[in-house]
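Undergrad: Dropping the sequence and predicted coords here.
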Amino acid sequence: MDGETALIAVIVGILQGIFEWLPISSEGNITIALTALGQSNTSAVSFALFLHAGTAVSATAYYRDELKAVLRSIPDWRPSEAFDGSTAELSYLAIATLMTGIVGIPAYLLLGEVIGKLQGGMLIILIGGLLIVTGILQRVSGDLALGSREQPDIVDALLVGALQGFAVLPGISRSGVTASVLLFRSHDGPSAFRLSFLLSIPAALGGSALALLESGSLAGISPSGALIALTVSAIVGYLTIDALMRIVERISFWKICLGLGGVAIVGGGLLVARRIGIVAI
């Protein structure tokens, strides 16, 4: 592994460790960074998705007490009382994860077909458009978030799981979409973010496995480079999760999503214009 590859692995690991906790689509922004560094569209998207395994480790460590409580509730689970008492979060995680797979796997396979045909800056324009969609959703949910629920029900599980599946698309923020849906469903802020990030753990591990199975190369990163990136993202993610989640509660990230989306669309448009000879950059 050369020094340049190691440096790229460290950079994207740091970005993943920070961006994962912010509702601005870590996958979308890292895909843009990797394409800017010369990686192909397909390999950039695959590696950006693969990196979620690192922050899944961070979330597991951070929410270890909550996860232990979920595991301890398994012997008490009954179909007729699935969303009652101590088994509600277990049922929520199981059903939502299943829904994520049902929606997310076909979405990822379709994405692979589409991005292989996108040239120049078209992928960046697509990511910019999806960032704007994410920003609008967060803006609307911020106006309607007036509830105080803490315990999830089956409707939460089905909706959140299905919409999390679409977050496989770079530019759709997983945390932004899932937390927004939970706020729509009258959960309070802390409950929405906790349920969102608990659900991120199985989804991130499944997404990383899907990226490995579907892609023969991870953005030109060697196995040692991938290990460096995962390690860095896990460490940085664990060190930053608490502070960044407090920041999320205070800052209007929908504005940042709109800004990033606008910049991506303009930048991608310039790349397309250069490719077809309209402008010289």
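TA: Structure received. Numbers count the residues shown, from 1 in each chain.
Undergrad: okay, now A209: neighbour count?
TA: The burial count assigned to A209 is 13, neighbours taken as other C-beta atoms under 10 Å. No exception for glycine: its C-beta is placed from N, CA and C like everyone else's.
Undergrad: which secondary structure elements does the helix ranked longest in the chain contact?
TA: The residue-count maximum for a helix in the chain (DSSP state H) belongs to helix 88-115. Taking 3 or more C-beta pairs under 8 Å, 6 or more residues apart in numbering; DSSP states H and E as contact, the helices and strands that helix 88-115 lies on are helix 41-50, helix 64-72, helix 154-166, helix 189-214.
Undergrad: got the end-to-end distance for stretch 12-26?
TA: With C-alpha to C-alpha, to the nearest Å applied, stretch 12-26 spans 10 Å between its terminal residues.
Undergrad: Then stretch 247-255?
TA: End-to-end distance (C-alpha to C-alpha), stretch 247-255: 14 Å.
Undergrad: which residues are in contact with it?
TA: Stretch 247-255 is contacted from outside by 21-24, 134-139, 142, 176, 189, 193, using C-beta atoms under 8 Å, 6 or more residues apart in numbering.
Undergrad: which of these count as buried?
TA: Neighbour-count burial within these applies to 21-24, 134-135, 137-139, 176, 193; the criterion is 16 or more other C-beta atoms under 10 Å.
Undergrad: The residues you listed in helices, which ones?
TA: Secondary structure from DSSP H places 134-135, 137-139, 176, 193 of the buried ones among the contacts of stretch 247-255 in helices.
Undergrad: can I assume V160 is in contact with S180?
TA: No: with contact taken as C-beta atoms under 8 Å, V160 and S180 are classed as non-touching, separated by 9.7 Å.
Undergrad: how close does A204 sit to G237?
TA: A204 sits 10 Å away from G237, taking C-beta to C-beta, to the nearest Å as the criterion.
Undergrad: Between these two, tell me which one has more neighbours.
TA: G237 (29 against 25).
Undergrad: Now the more buried one: closest residue in space, sequence neighbours ignored.
TA: S58 (3.2 Å; C-beta to C-beta, 6 or more residues apart in numbering).
Undergrad: Also A82?
TA: Leaving aside its sequence neighbours, A82 sits nearest to S91 (C-beta to C-beta, 6+ apart; 4.1 Å).
Undergrad: So the one you found sits against S80, correct?
TA: No: here S91 lies out of contact with S80, judged by C-beta under 8 Å, at a distance of 11.4 Å.
Undergrad: Of those two, which one has the most company?
TA: Shown here are S91 and S80; by other C-beta under 10 Å, S91 has more neighbours (21 against 5).
Undergrad: In contact with the residue positioned nearest the centre of the chain: list those residues for me.
TA: Most central residue of the chain, judged by C-alpha distance to the mean C-alpha position with C-alpha atoms, centre = their mean, is R174 at 4.0 Å. Residues in contact with R174, defined by C-beta under 8 Å, 6+ apart, are 25, 27, 164, 167, 196, 200, 203.
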